[in-house]
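Asker: got a predicted structure plus its sequence, pasted below:
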Amino acid sequence: MKHDDHVHQIRTEPIYAILGETFSRGRTNRQVAKALLGAGVRIIQYREKEKSWQEKYEEARDICQWCNEYGATFIMNDSIDLAIACEAPVIHVGQDDAPVAWVRRLAQRDIVVGVSTHTIAEMKKAVRDGADYVGLGPMYQTTSKMDVHDIVADVDKAYALTLPIPVVTIGGIDLIHIRQLYTEGFRSFAMISALVGATDIVEQIGAFRQVLQEKIDEC
Ligand SMILES: Cc1ncc(COP(=O)(O)OP(=O)(O)O)c(N)n1
Ligand SMILES: Cc1nc(C(=O)O)sc1CCOP(=O)(O)O
Ligand SMILES: [Mg+2]
């Protein structure tokens, strides 16, 4: 898959799964990734804060390869060095990570770049910097991230809906909140605990798909 195929997938696939072993009920990232891919999830971000570089590299490299086999989009969180090492097609950077221009310079190839945003000013800057998509959050309260911002204000949400690039909502999204966000106009939903923390991941993906289908039928 090429750059535009990954961006298209991020724009059109509603479920954006984020891995993290701390939240995975004793399952490994590899086990969770296999379950997600088997259940039809086509966007997986590797977000692991606790492991050594080597552990992250080996795990992410395997998961990236499986994603390629499934036609899924693999996204490396935070680290351009790991993204390069794993040949990740996409990197997701936060406000304190390497800026978009540096990510592109360091990658020395056509890498897709997503940027975390929380305000109109950050969204404007991300678009100006040439980001391929933005993450917008936290939409609701979350316990999966320590250093979270205030919940995104209505004015920022309204601005996000006018952006020319895909907007991936994040933070506290569950089966109830996804309905609300869909009604508000959002179409992309990144989740950690609601997916990797589910007792039965396959069943949970089915439940999300059912809710999304109900919303599509309503519209
Ligand atoms: C899709 C998406 N949006 C936002 C984030 C958060 O990124 P960041 O602000 O860099 O925080 P960490 O995830 O690195 O703790 C994300 N990971 N994905
Ligand atoms: C990783 C992350 N970033 C956020 C942001 O607001 O940028 S909120 C968040 C945590 C998302 O986890 P959960 O789906 O379990 O709430
Ligand atoms: Mg980050």
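Answerer: Sure, I can see it. Ligands and ions are numbered 1, 2, ... in the order given.

Asker: okay, the closest residue to ligand 3 within the chain: pLDDT?
Answerer: At 3.3 Å from ligand 3, Gly94 is the closest residue in the chain, using CB to the ion. C-betas here are computed from N, CA, C, even on glycine. What the model reports as pLDDT for Gly94 is 98.

Asker: helices of this protein, start to end?
Answerer: For the chain, the helices defined by DSSP state H cover 3-12, 29-38, 53-70, 80-86, 100-107, 120-129, 154-160, 177-184, 193-196, 201-218.

Asker: in this protein, what residue comes closest to ligand 2?
Answerer: Closest residue of the chain to ligand 2, CB to the nearest ligand atom: Gly137 (2.8 Å).

Asker: now that residue: how far from Gly185?
Answerer: Distance check for Gly137 against Gly185: by CB to CB, to the nearest Å, it reads 16 Å.

Asker: for Val115, same thing?
Answerer: To Gly185, Val115 is 20 Å away according to CB to CB.

Asker: quick one: which of these two has more around it?
Answerer: Val115 (26 against 11; other CB atoms under 10 Å).

Asker: which residues does the more buried one form beta bridges with?
Answerer: For Val115, the beta-bridge partners are Val93, Val134 (DSSP bridges).

Asker: got the contact list for it?
Answerer: His92, Val93, Gly94, Gln95, Val100, Glu122, Ala126, Asp129, Ala131, Tyr133, Val134, Gly135 (CB atoms under 8 Å, 6 or more residues apart in numbering).

Asker: for the first one, which non-adjacent residue is spatially closest?
Answerer: The reference is to His92. Closest residue to His92 apart from its sequence neighbours, by CB to CB, 6 or more residues apart in numbering: Gly114 at 4.2 Å.

Asker: isn't the one you found up against Ala131?
Answerer: Yes: counting by CB atoms under 8 Å, Ala131 is a contact partner of Gly114 at 6.5 Å.

Asker: let me see the confidence value for Pro89.
Answerer: Pro89 carries a pLDDT value of 98.

Asker: how many residues are close by it?
Answerer: Residues near Pro89, counting by other CB under 10 Å, number 24.

Asker: from Lys2, how far out is it?
Answerer: Counting by CB to CB, the gap from Pro89 to Lys2 is 9 Å.

Asker: which residues of this protein lie near ligand 1?
Answerer: Contacts of the chain with ligand 1, taken as CB under 6 Å from any ligand atom, map to 45, 47, 77-78, 92, 94, 97, 114, 116, 135, 137, 145, 168, 170, 190.

Asker: go again using 8 Å as the cut-off
Answerer: Contacts of the chain with ligand 1, taken as CB under 8 Å from any ligand atom, map to 16, 18, 45, 47, 49, 75, 77-78, 92-97, 114, 116, 133-137, 145, 147, 168, 170-171, 190.

Asker: which of those residues are buried?
Answerer: When these are checked for burial by 16 or more other CB atoms under 10 Å, the buried set is 16, 18, 45, 47, 75, 77-78, 92-93, 97, 114, 116, 133-137, 145, 168, 170-171, 190.

Asker: contacting residues around the residue of the chain closest to ligand 3?
Answerer: Counting by CB under 8 Å, 6+ apart, Gly94 has contacts Asp78, Val115, Ser116.

Asker: redo that, cut-off 10 Å
Answerer: Contacts here follow CB atoms under 10 Å, 6 or more residues apart in numbering; on that basis Gly94 touches Asn77, Asp78, Gly114, Val115, Ser116, Thr117, His118, Gly135, Asp147.
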